[in-house]
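Colleague: Kindly return the folded structure for what I paste below:
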Amino acid sequence: MSRLIRCVCLGLIGLALIASTAHSAERNIIFFITDDESPTLGCYGDKVAVTPNIDAVAKDGVRFLNAYATTASCSASRSVVMSGLHNHKNGQYGHQHDFHKFSSYWNVVSLALPRVLQNSGYRTAQAGKYHVAPEEVYHFENTIKGNDRNSVELAEKCREFIANKSDDRPFFLYFGTSDPHRGGGRDRTSALDEKPDLFGNKPNKGSYPSITEVFFEPSKVTVPAFLPDTPECRSELAQYYQACARLDQGFGRLVEILKANDLYDKTLIVFTSDHGMAFPGAKTNVYEPALKVPFIVRDPYEKVRGVTSKALISHIDITPSLLDFAGGLDAKTNGPKNWVDPDKYWQQRQANLLENRSGPNKFRSYHGKSWLHVLSQPDAVHHETIFASHTFHEIQMYYPMRVVRDSKYKLIWNIANPLPYPFASDLWAASTWQAQLKKGEGAPYGRKTVGQYVHRPKFELFDLENDPDEAVNLADSTEYVEVLNRYKAKLKDMQKELEDPWIQKWDYE
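Modeller: Numbers count the residues shown, from 1 in each chain. All right, here's what the predicted structure looks like:
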């Protein structure tokens, strides 16, 4: 072969390689959401946690210090994440599965995250935990099946979708783990009478394929202020941290797959949880440990990286933010540029138009707003005040609560406060709770007693600056009458603005 021919051949090979690399779509999105995880990560200063992969991405992105779920219930929270709307607007008040049977309004289809990204030119896939309804509303083009307790295995099953170059559209991957949710039975090797939940871990210190399990000593974990420092609680926290370490490895595998396909610097990565950890005092509550979540964003197109932001952000901001990144957010309507009229959508599918598909709601705009600009301005303010709520978890757990909070004060309205606070079945059975319950209502439970946790006042007002653990309720203090009334008015105003039907409860009961 002559030198000229060799040069031509090498040139053609080089061009082919460049073309292959160039074909990788820009502005991809991976949204990674865990199940029942608080900010118990190394990058948030937790010295117990083993989360090197998430920490590494946080170091090269933006770590939000004040990110909040709107509700601490699995399906309800995910519907907010995927609609940009509070539950009372989207209609999914509680669990989607089994006899609970909650679901969003059909007309949310016009704002639903996978739908609007597909309409903006994205190919979409969902892997792992889904847990919302209806599927037609929150529809992904692809569903990737796998063990959502083994996030490394699940990440591998996403490789083909991520690396696919036969479709020149950018991709959106919604990746959900079941870790560190409770489940998998009890640790029967424990010497305690009340055996700890396994939190999805294998019994007898077993491990999942491709996972290097990290085991934690109960004596060495840190007990949060809202929990009792007991052997039972420490044993459950050790199991919880193991599940957190496992999901970190799946996150790391996704990053490896992106880098292997020259996509790491072409992909927005968002990491968060649906709400706080599955312990009484957090999950299904509206206290800080229930609603405060880890939130990390790495935007490869953003020059400002490796920073923290104190901006107050909410889960209602996720859908409009991702749509903004995709170029599909209409700044005037705060809704999709390629908005699809939901009534016409269902007419085209010959749906039953007599069905209650929207309640009284119009689905044109999001409750949340994009935080994309905050990535380059970490000192920027996003929300001055945020709203949170809880109505159901399991269907038998009706206990509506409404919350308004800013950087100074937080007001909780326990609307059904004459009722004892209802427990999720797994939290009631938790050894952390049962061990204290058996000691009686006067037994300590974090900053409260067992009795105070179950029997709640109508209003709870906390000075978050001076009392971040929410230990002292100021609602009955004569010194805080003006503050209480001011925040009641704020709460009513937000309920009115956000079209919350529970606003009626101010006038009766």
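Colleague: Now do residue 66 against residue 300, distance only.
Modeller: 24 Å (Cβ to Cβ, to the nearest Å). Quick note: C-beta positions are derived from backbone N, CA and C, even for glycine.
Colleague: Please pull out the lowest mean pLDDT helix or strand from the protein.
Modeller: helix 3-22 (a mean of 44; mean pLDDT, DSSP states H and E).
Colleague: Within its sheet, name the partner strands of the helix or strand just after it and how each one runs.
Modeller: Next along the chain after helix 3-22, taking DSSP states H and E as the criterion, comes strand 28-34. Strands adjacent to strand 28-34 in the sheet, as given by DSSP bridges, are strand 171-176 (parallel), strand 267-273 (parallel).
Colleague: angle of the next helix or strand after strand 28-34 against strand 267-273?
Modeller: The helix or strand immediately downstream of strand 28-34 is helix 52-59, counting by DSSP H and E. Orientation check (axes from the mean of the first three to the mean of the last three Cα atoms, to 10 degrees): helix 52-59 against strand 267-273 gives 120 degrees.
Colleague: Now helix 52-59: buried residues?
Modeller: Residues 53-58 are the ones in helix 52-59 that count as buried (16 or more other Cβ atoms under 10 Å).
Colleague: Can you give me the neighbour number for the nearest residue in space to residue 145 that is not next to it in sequence?
Modeller: Of all residues not flanking residue 145 in the chain, residue 157 sits nearest, at 7.2 Å (Cβ to Cβ, 6 or more residues apart in numbering). Neighbours of residue 157 under the rule other Cβ atoms under 10 Å: 14.
Colleague: what do you get for residue 358?
Modeller: If we define neighbours as other Cβ under 10 Å, then residue 358 has 17 of them.
Colleague: Repeat that for residue 301.
Modeller: For residue 301, the count of nearby residues is 12 (other Cβ under 10 Å).
Colleague: returning to that earlier point: any chance of the buried residues of helix 52-59 in JSON lines, plus distance to residue 241 and pLDDT?
Modeller: Shown next, in JSON lines, are these (distance: Cβ to Cβ, whole Å; pLDDT from 0 to 100):
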{"residue": "53", "distance to residue 241": "15", "pLDDT": "98"}
{"residue": "54", "distance to residue 241": "14", "pLDDT": "98"}
{"residue": "55", "distance to residue 241": "14", "pLDDT": "98"}
{"residue": "56", "distance to residue 241": "19", "pLDDT": "98"}
{"residue": "57", "distance to residue 241": "19", "pLDDT": "98"}
{"residue": "58", "distance to residue 241": "18", "pLDDT": "98"}
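Colleague: With mean neighbour count, distance to residue 373 and mean pLDDT added, can I get the strands paired with strand 28-34 in TSV?
Modeller: Listed next are these as TSV, based on neighbours: other Cβ atoms under 10 Å; distance: least, Cβ to Cβ, whole Å; pLDDT from 0 to 100:
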stretch	mean neighbour count	distance to residue 373	mean pLDDT
strand 171-176	24	21	98
strand 267-273	25	14	98
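Colleague: Make CSV from those strands and add distance to residue 375 to it.
Modeller: Shown next, in CSV, are the strands paired with strand 28-34 (distance: least, Cβ to Cβ, whole Å):
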stretch, distance to residue 375
strand 171-176, 18
strand 267-273, 10
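Colleague: Nearest to residue 386, out of these?
Modeller: strand 267-273 (15.1 Å; Cβ to Cβ).
Colleague: now the closest one, how far from the centre of its chain.
Modeller: Mean-position distance between strand 267-273 and its chain equals 10 Å (Cα atoms, centre = their mean, to the nearest Å).
Colleague: so residue 432 sits in a helix?
Modeller: Yes - per DSSP: H, G, I helix; E, B strand; the rest coil, residue 432 lies within a helix segment.
Colleague: Who are the contact partners of it?
Modeller: 227-228, 230, 232-233, 236, 279-280 (Cβ atoms under 8 Å, 6 or more residues apart in numbering).
Colleague: Try it again at 6 Å.
Modeller: The contact partners of residue 432, taken as Cβ atoms under 6 Å, 6 or more residues apart in numbering, are 232-233, 236, 279.
Colleague: Not counting sequence-adjacent ones, nearest residue to it?
Modeller: Leaving out its chain neighbours, the residue that sits closest to residue 432 by Cβ to Cβ, 6+ apart is residue 233, at 4.3 Å.
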